[in-house]
Structure formats: structure tokens, C-alpha cells
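[1] What shape does this take:
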Amino acid sequence: MNKKKILIIVAAIAAIIAISAISIRSYFFAKYKGEAVRVEIPEFSDEAAVDSIIKSTLPGSFGAKVAYIWKALDGDPGRSHGSYLVKPGDEAVRIAKRIVDTRQTPIRFTFNNLRRFEDLAGRAGRMFEFDSIAFCKAADTILGAQGFSPANYSAAVLPDTYEFYWTSPADIIVEKLAFYRKKFWNDERLNKAQKLGLTPEQVHILASIVEEESNKSDERPVIARLYLNRLNKKMFLQADPTVKFALGDFAARRVTHQMTMSDSPYNTYKNHGLPPGPIRIAEAKTLDAVLDAPENNYLYMCAKPDFSGYHNFTNDYRRHTINAVLYHRALNERGIK
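    Numbers count the residues shown, from 1 in each chain. Below you'll find the predicted structure:
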């Protein structure tokens with residue numbers, strides 16, 4: 001074989017190797033171009049299940065590439081259990097390697113504006129591997145042992161953003177939520193509650209009513225003191241949100257006399273004192289609004305007829321009656337029933 005032929009063969013081999021290298025690189029280092037998505041691999045998944053989940057979650061040939069690389073890296077289905085966030089630009093080999101190494105992406109568990117503890121359980125059940133029933137059972141065990149009744153489970157947690165893994169057990173999450181709530185109740189806040197004649201759980205209950213009454217944070221301390229005044233005078237709270245909660249009619253714009261006659265322990269038109277539990281999961285800043293409520297002599301409040309979301313306050317029942325007439329007239333003019 002002459003020298004020229006040898007050079008041609010060598011060049012051809014080099015070209016094949018180069019093409020193969022480029023092909024392998026384009027395969028392993030292909031970049032994800034879809035929207036951010038989580039690859040969630042349940043416990044006890046076998047190899048076929050993991051392969052199917054990767055391919056169905058990551059569209060087109062990209063999912064097939066990740067699944068192939070996962071197998072090529074000796075992916076163990078048992079160790080791949082978890083949730084892995086895939087973002088645009090992530091390379092196939094890096095995604096597969098994270099799954100092989102069980103390097104899960106934490107979940108930011110944020111909750112606010114929830115009324116019932118069951119709503120929190122439902123949200124947790126949609127975000128984690130366990131279901132809402134498991135969350136409620138964990139609450140029964142953990143919160144029950146801490147002295148909370150089911151009606152007061154909403155007083156055992158604080159709305160915020162927490163980080164967990166998709167595979168975190170329900171009891172771990174409930175324990176952590178309860179821990180941060182306990183941390184909130186430092187000696188200073190406990191002393192403030194005691195001076196008001198309230199337990200921490202009662203502060204949560206009152207704060208839940210205050211939150212339902214107004215979404216104006218600057219008005220909440222005023223409302224809190226108004227209700228503290230009524231409690232101190234042994235008056236019925238007559239808080240409309242408690243009636244709505246009792247009836248499950250949260251969209252009602254008017255609370256009628258018939259509604260206030262509902263036979264429920266949450267109806268503060270018929271029952272003295274605070275209801276048996278919170279009517280929403282109150283935020284930390286609203287708890288502080290109750291604890292730090294400035295002094296006033298208000299006993300009555302009514303929404304302003306300009307629908308600004310603010311209220312008119314007074315300690316005079318006649319003035320309150322006039323305010324109520326003006327507000328109901330505004331409702332009638334707008335056709336709100």
C-alpha cells in the first residue's frame with residue numbers, strides 16, 4: 001500500500017472519529033428547550049417505569065436521550081426516587097446524572113390566604129408525594145400530641161415559604177411547620193398575649209377574624225383593638241366573617257338577619273367570646289397587629305360606601321346605624337344582593 005493510500009485511510013478514520021465525537025457530544029450535551037418541568041419518580045418504580053416517566057415528562061427525542069443516558073450511567077430505579085427540576089438550557093447528561101445521584105431539587109412550599117387547615121392539606125397533597133389524607137393523619141398525631149384540637153390546627157402553622165423535598169414525609173413537614181410557629185411565639189409575644197388576657201391560640205383566632213374583615217394592613221390593628229374592646233365589655237363580637245365561615249358562604253356581600261341566626265359555634269352573633277378555632281390561617285404580621293393593637297374606644301365598624309375596602313369606626317351605636325344605612329344604600333345602587 002503506497003503512502004498516499006495510507007494517508008487517505010488515516011484521514012477517513014480521523015473523520016469518522018471526529019464525526020462520532022460530534023454526534024456523541026450533540027447527544028449527551030443536548031440542551032432542553034421546553035418550559036421548566038419536574039421529573040417526578042415515585043418510590044418503588046422499576047426501570048421501565050423510570051424510563052417511561054422521563055420520556056413522558058421531557059418531550060420528543062430529548063426525553064429519550066435522558067432516559068438512554070440514565071441507563072448508560074447504570075441508573076438504579078431505587079435510588080432515582082425523587083423530584084428533579086429541569087429548566088431550559090439544562091444538558092441531557094447533567095439531568096441524567098442528577099437522577100442517578102438522587103440530587104433532588106427542593107420544593108418551595110408557599111402558602112397564604114387559606115381558610116381551612118384542610119385547604120393546607122390539599123395544597124401539600126398536590127405538591128408532595130404523599131396525599132392530603134396522609135398530611136391530616138400526621139397533623140392528628142403531631143399537633144394532637146402538642147395539645148391542639150382539630151379546630152385549632154390552623155393556629156399551629158404560619159403562612160410563609162418553606163423548603164422541603166418532594167419525598168419528604170408528611171410528619172416531617174407538619175413538625176417543621178409547628179416548629180416555626182413555636183419559634184414565632186417568643187417570650188415577648190407570650191407576655192403581650194398574657195397582658196391582653198389571651199392564649200396564643202386565641203390570638204390566632206382573633207387575628208383570623210381581623211384578616212377576614214379587611215385586607216388593608218394599616219387598618220387591621222384598629223379592627224383588632226375594636227374586637228378586644230368588645231371582648232372586654234362582654235359584648236357579642238358580631239363579626240360577619242364568622243357567620244360566613246359557619247355557613248361556608250364566603251362570597252356573601254351582605255350578612256342578613258337570617259344568616260346571623262345560624263346554629264353554629266362559630267356564629268359570634270349567637271355565641272359570646274371567640275369561636276372555637278380560627279376561620280383562616282392568620283399571617284404573622286396580623287398576629288402582631290393583634291398583640292400591638294393601639295388603644296381606641298371603637299365598638300362598631302361598617303364598610304365605607306365608597307367600596308375602598310376601608311371601614312368607618314365609631315363607639316356610638318346611632319352613628320354606626322347611619323353608617324350601615326349608607327353602606328346598604330350603596331349596595332342597592334350597585335345592584336349587589
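[2] Sketch out the low-pLDDT regions of the stretch 151-300 of the chain for me.
    Scanning the stretch 151-300 of the chain for pLDDT under 70 picks out no residues.
[3] go again using 90 as the cut-off
    250-256 (pLDDT under 90).
[4] Could you pull out the helices in this structure for me?
    Using DSSP state H, the helices of the chain run over residues 3-28, 47-57, 60-72, 92-100, 117-127, 132-145, 170-184, 187-196, 200-213, 220-232, 240-247, 257-260, 284-291, 317-333.
[5] Distance check, Tyr32 against Leu58.
    Between Tyr32 and Leu58 the distance is 7 Å, computed by CB to CB, to the nearest Å. C-beta here means a position set from N, CA and C on the backbone, and glycine is covered the same way.
[6] before we move on, what about Ile322?
    65 Å.
[7] which neighbours do Tyr32 and Leu58 share?
    Common neighbours of Tyr32 and Leu58 (criterion: CB atoms under 8 Å, 6 or more residues apart in numbering): 86, 95.
[8] Could you look over the helices of the chain and pick the most buried one?
    helix 200-213 (a mean of 24; mean count of other CB atoms under 10 Å).
[9] In terms of secondary structure, what does that helix contact?
    Packing partners of helix 200-213 (3 or more CB pairs under 8 Å, 6 or more residues apart in numbering; DSSP states H and E): helix 187-196, helix 220-232, helix 240-247, helix 284-291.
[10] Tell me how many other residues crowd the closest residue to Ser168 other than its chain neighbours.
    Counting by CB to CB, 6 or more residues apart in numbering, Phe128 is the residue found nearest to Ser168 once chain neighbours are left out, at 6.4 Å. Number of residues near Phe128 (other CB atoms under 10 Å) recorded here: 23.
[11] wait, Phe128 sits on Asp171?
    No: with contacts counted by CB atoms under 8 Å, Phe128 stays clear of Asp171, the gap being 11.9 Å.
[12] Report the contact partners of the nearest residue to Asp90 once chain neighbours are set aside.
    Nearest non-adjacent residue to Asp90, counting by CB to CB, 6+ apart: Tyr32, 4.7 Å away. Contacts for Tyr32 (CB under 8 Å, 6+ apart) come out as 58, 62, 86-92, 95.
[13] one more time with 6 Å, if that's ok
    Each residue near Tyr32 by CB atoms under 6 Å, 6 or more residues apart in numbering is listed here: 62, 86, 88, 90.
[14] can you check Ala178 too?
    Contacts of Ala178 by CB under 6 Å, 6+ apart are Ala156.
[15] Among the contacts of Tyr32, name the ones in strands.
    Val86 (DSSP state E).
[16] Can you name the two of the contacts of Tyr32 that sit furthest apart?
    Phe62 and Pro88 (11.3 Å; CB to CB).
[17] how about the contacts of Tyr32 in JSON lines, adding pLDDT?
    What follows is these, written out as JSON lines (pLDDT from 0 to 100):
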{"residue": "Phe62", "pLDDT": "93"}
{"residue": "Val86", "pLDDT": "97"}
{"residue": "Pro88", "pLDDT": "96"}
{"residue": "Asp90", "pLDDT": "95"}
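[18] Show me the one in the contacts of Tyr32 that has more neighbours than the rest.
    Ranking those using other CB under 10 Å puts Val86 first, with 25 neighbours.
[19] where does that one sit relative to Phe28, distance-wise?
    To Phe28, Val86 is 16 Å away according to CB to CB.
[20] can you check Ile336 too?
    From Ile336 over to Phe28 (counting by CB to CB), the distance is 62 Å.
[21] Same check on Tyr269?
    69 Å.
[22] likewise Glu118?
    Distance from Glu118 to Phe28, by CB to CB: 47 Å.
[23] now do Ala67
    Where Phe28 is concerned, Ala67 sits at a distance of 13 Å (CB to CB).
[24] Quickly name whichever of the contacts of Tyr32 is closest to Ser45.
    The closest of those, once distances to Ser45 are taken by CB to CB, is Val86, at 17.3 Å.
[25] so who does the closest one touch?
    Counting by CB under 6 Å, 6+ apart, Val86 has contacts 32, 37, 95.
[26] quick check, nearest of those residues to Asn113?
    Closest to Asn113, out of all of the contacts of Val86 and judged by CB to CB, is Val37, at 26.0 Å.
[27] Look up which residues are beta-bridged to that closest one.
    Counting by DSSP bridges, Val37 is bridged to Val86.
[28] Give me the pLDDT value at it.
    We note a pLDDT of 97 for Val37 in this prediction.
[29] Look up how far Thr161 lies from it.
    Val37 is 21 Å from Thr161, by CB to CB.
[30] Of the two, which one has the most company?
    Val37 (15 against 9).
[31] For the residue nearest the centre of the chain, give me its contacts.
    Central residue of the chain (CA atoms, centre = their mean): Phe111, 1.9 Å from the mean position. By CB under 6 Å, 6+ apart, the contact list for Phe111 reads 120, 123, 159.
[32] and what of Pro106?
    163, 165.
[33] and the chain, what are its domains?
    As assigned by automatic domain parsing, the chain contains the domains 29-105, 107-184, 187-298.
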